[in-house]
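A.B. asks: Could you work out the structure for the sequence below:
(chains A and B)
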Amino acid sequence: MRAFATLYEALDRTTATSAKVAALAEYFRAAPAADAAWALAFLLGRRPRRAVRAPDLRRWAAEAAGIPEWLFEESYQHVGDLAETIALLMPAVDATDEAPLAEWVERHLLPLAGQAPDAQREALREAWRRLGGSARFVFLKLITGAFRVGVSEGLVLRALAGVSGLAEEVLAHRLMGRWEPTPEFYRRLLAADTSDADRSRPYPFFLAYPLEQPPEALGARAAWVAEWKWDGIRAQLVRRAGGTWVWSRGEELLAGRFPEVEATAAFLPDGTVVDGELLPWRDGMPLPFGALQRRIGRKTLTRRVLDEVPVVLVAYDLLEHGGTDVRDWPLARRRAALEALVAALPAGAALRLSEPVAAEGWAALARERESARGRGAEGLMLKRADAPYGVGRRRGDWWKWKVDPFEVDAVLVAAQPGHGRRAGLYTDYTFAVWSGDALVTIAKAYSGLTDAEIREVDQFVRSHTLERFGPVRSVEPSLVFQLAFEGIQRSPRHKAGLAVRFPRIVRWRRDKPPHEADRLERLVALLPP
Amino acid sequence: MTLLRLTDAGLYCEAGGFHVDPWRPVDRAVVTHAHADHLARGCRHYLTSVPGAALARQRLEPGASVEPLLWGERRLVNGVQLSLHPAGHILGSAQVRVEHQGEVWVVSGDYKTEPDPTCDPWEPVRCHTFVTESTFGLPVYRWPRAHEVVAELHAWWRGNQAEGRPSLLLGYALGKAQRLLAALDPAAGPILAHGAVETMAALYRAAGVPLPATAPATMDRRDDGWRRALVLAPPGAEATPWARRFGEASVAMASGWMQVRGMRRRRGLDRGFVLSDHADWPGLLAAIAATGASRVWVTHGFTGTLVRWLRERGLEAEALATRYEGERPDDRAGADEPGPAA
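C.D. replies: Numbering: from 1, shown residues only, chains lettered A, B, ... in the order given. Have a look, this model is predicted:
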């Protein structure tokens, strides 16, 4: 545990990628396979599920620290991180604990989930007695399911490639899909023989950057394929050896969640991998994103939900064809093969081709793009016709060209302290617009201000508080901010009767007094029919 | 009527006719220490500790009337007995003891209970009413042992030397910087100091506090020592053209706020060293208990938290809205910088 905590500290301390890679390599060189496997899982974001109820954790921590619960709460509000608060409140330990990471995870962390509260409490007290400093903090981060560290998968791969001598692509492919963090897995991961690909395994997704220049800068329109950019769940459909696997971009196996897509996959030849977007689809158009939430949210799918929210995979690309990895083929060739596959499917299949947007010339395409919202799309994707399918997020061959977001001027009405590097600062804001003479809440937003502006708003919140509700302070409605958001839909659960998607702050409208902020009617007018 | 009360100029002793740490010019000011939020310019007369007098003079307008008082020396002011006692915050920092008709009040100013070789140690003074600061009045603030922090600091310095880059260490120009300087090993490499740090260090040396010599931070970059140097500077210097010459330096800060990861990350620091000149939570509680006070007035910091804690333990506690700032998490100017005349 101590070595992993030291690695965590080293990664947390620096922003230099070279220093991060060096720290990772140093750890993986020295760590036993059992520890390395767990470390890898955690670094790649496979967080264990929170095993202990947060209220229990707080109560036991306050009790072990010998302070009343209100004081624990105030400490937490100030620190902004539950694991860190507890780590700071526990008494110091005298001896450093030398038990390895795997032992702490397998004997202490994982069993917590199945234990009765009393046993959990005892296990936690033991951990707090034995672990000190950063080891205690990291262990608590794992317990609260909030372990996060500032390394990308790319950096981890670079370090492992350095340690093992294997290519990063080989490692990336071996890390896709389902694996358990066992010493055997870790040894297989670094094994020199690379002919072992698990048959369920998807390929790393290729991702696009936003286009921040006029499309003319990309050269001839004819060199690019344009498609609608859908707002669903990016997924890979893997059909091999008579089996079907649907993977989300988060590398989650969506087994059984989209039976209509899996049923269609049975018509695909073995050795086929399709990259696409899962979308609720009816009458040639996607349903609003909220509809998909109904499918994702539930464990058992009723007939009714399946009828009301039918899902299709809109196919963008073909990654494996006839058992061969075809990611090196130019896009045009991959698409031709994909079209042939889709054309051979029976009528009513839950797999549709993502149709290219035909508009000739960039100007015509830009006009088409304006119709994206009406079609339920976020904008356009531009893909170079002669480019291979890459790995990860790279600039150059793929661009997302979204339509401009909606905007609204709203009044700051409440704030609460943020977390992480915004701990102790009021950075989580609630915004409202006018409805008659009253302000009605429409969105919460966290990002978009500069550090200097954040400090200024923090000062404002502290000196203009009207009321406190726990950590939340309502403030005098006097600051106006321009917010952007991607979508809007009706929502009976919200007081305003609507909900906006991905709200964020564009800028502080210091020039606008609060009564000039927007009215609810303007937002209502944006609602889809 | 109470012996001290809050006016719009600060804490006022009506019977004695003097203010303690006023934030506006008044006739007679008793000053706990020379940090800008406790030392207002423009008063007609100042009373301060002997070791603190030179620091106060440095920060006040030329010719200000500053009268020094020995530790524990009793002074009768309009029938009120006044004395100063070490607070352990910085050189010459004092607690103000006020006694009138058998009632004793003590104003802590800023204080810490940890030992610090650059100033006289905090001394418990029995009183009926204790006016305490609460800058770090939350139980998450418990300081690690200073010698461990100093060892970490040297390890960081050595690590930067191995990478061939200077170490820029930020700490308040008055107090923190001298405490750091006293703890640094001059054999480990050149120690450079920002002008504001060296000005105050000279006054410390003159007061008999041994501090290693520093070189001005204008050292030639081609000099061999450059990449091995540790540069001491106030937090406010980080964002100035002065700091640009240390472009590739590893930047660290020594402050109690560095205890919380979010504060360190927010400032974009490479390292944070938990070293404070204020009392931590156990320090505050121990100090309050040691005074034997039954009434506690809590100023700048986590006032509400400390008041509630004390009340739950049967003490009479009040929050006091003063303008002292102590140490603020996002301080960039540094409360030790001479502020504009109030």
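
A.B. asks: So what does residue 44 have for phi and psi?
C.D. replies: No chain was given, so I picked chain A. With angles defined as degrees, to the nearest 10, residue A:44 sits at phi -90, psi 10.

A.B. asks: could you do chain B instead?
C.D. replies: phi -80, psi -30.

A.B. asks: In the stretch 1-150 of chain B, what residue comes closest to chain A?
C.D. replies: Nearest to chain A in the stretch 1-150 of chain B, going by Cβ to the nearest Cβ, is residue B:140, at a distance of 4.0 Å. All C-beta atoms are positioned from the backbone trio N, CA, C, and that covers glycine.

A.B. asks: For the nearest residue to that residue once chain neighbours are set aside, give its distance to residue B:138.
C.D. replies: Leaving aside its sequence neighbours, residue B:140 sits nearest to residue A:88 (Cβ to Cβ, 6 or more residues apart in numbering or on different chains; 4.0 Å). As judged by Cβ to Cβ, to the nearest Å, residue A:88 and residue B:138 stand 9 Å apart.

A.B. asks: next one: residue B:45
C.D. replies: 38 Å.

A.B. asks: And residue B:209, by the same measure?
C.D. replies: From residue B:209 across to residue B:138, the span is 31 Å (Cβ to Cβ).

A.B. asks: Please apply the same query to residue A:337.
C.D. replies: 63 Å.

A.B. asks: element containing the residue of the stretch 151-300 of chain B found nearest chain A?
C.D. replies: Closest residue of the stretch 151-300 of chain B to chain A, Cβ to the nearest Cβ: residue B:262 (3.1 Å). Assessed by DSSP states H and E, residue B:262 sits inside helix B:261-266.

A.B. asks: how many other residues sit next to residue A:213?
C.D. replies: 8 (other Cβ atoms under 10 Å in any protein chain shown).

A.B. asks: Show me which residues of the stretch 101-250 of chain B sit near chain A.
C.D. replies: Counting by Cβ under 8 Å from any Cβ of the partner chain, the stretch 101-250 of chain B comes close to chain A at B:138-140, B:142.

A.B. asks: Redo the residues you listed as a markdown table? Include secondary structure, neighbour count and pLDDT.
C.D. replies: Putting these into a markdown table (DSSP: H, G, I helix; E, B strand; the rest coil; neighbours: other Cβ atoms under 10 Å in any protein chain shown; pLDDT from 0 to 100) gives the following:
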| residue | secondary structure | neighbour count | pLDDT |
| --- | --- | --- | --- |
| B:138 | coil | 28 | 96 |
| B:139 | coil | 23 | 97 |
| B:140 | coil | 23 | 97 |
| B:142 | coil | 18 | 96 |
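
A.B. asks: tell me the two of those residues that are most distant?
C.D. replies: Among these, the pair separated by the greatest distance (Cβ to Cβ) is B:138 and B:142, at 9.8 Å.

A.B. asks: who touches both of the two?
C.D. replies: Contact with both residue B:138 and residue B:142 is made by residues residue B:281, according to Cβ atoms under 8 Å, 6 or more residues apart in numbering or on different chains.

A.B. asks: hang on, the earlier thing: between the residues of the stretch 101-250 of chain B next to chain A, which is nearest residue A:317?
C.D. replies: Residue A:317 lies nearest to residue B:140 out of these, by Cβ to Cβ, at 50.3 Å.

A.B. asks: what residues are up against that closest one?
C.D. replies: Residue B:140 neighbours (Cβ under 8 Å, 6+ apart): A:75, A:78-79, A:85, A:88-89, B:259-260, B:281.

A.B. asks: Quick check: the residue of the stretch 1-150 of chain B closest to chain A vs residue A:28, distance?
C.D. replies: Using Cβ to Cβ, residue B:140 is found at 33 Å from residue A:28.

A.B. asks: just residue A:318 next, same as before
C.D. replies: From residue A:318 to residue A:28 the distance is 35 Å (Cβ to Cβ).

A.B. asks: Return the residues in contact with the residue nearest to residue B:137 when sequence neighbours are not counted.
C.D. replies: Spatial nearest neighbour of residue B:137, excluding adjacent residues (Cβ to Cβ, 6+ apart): residue B:302 at 3.6 Å. With contacts defined as Cβ under 8 Å, 6+ apart, the neighbours of residue B:302 are A:74, A:78, B:134-138.
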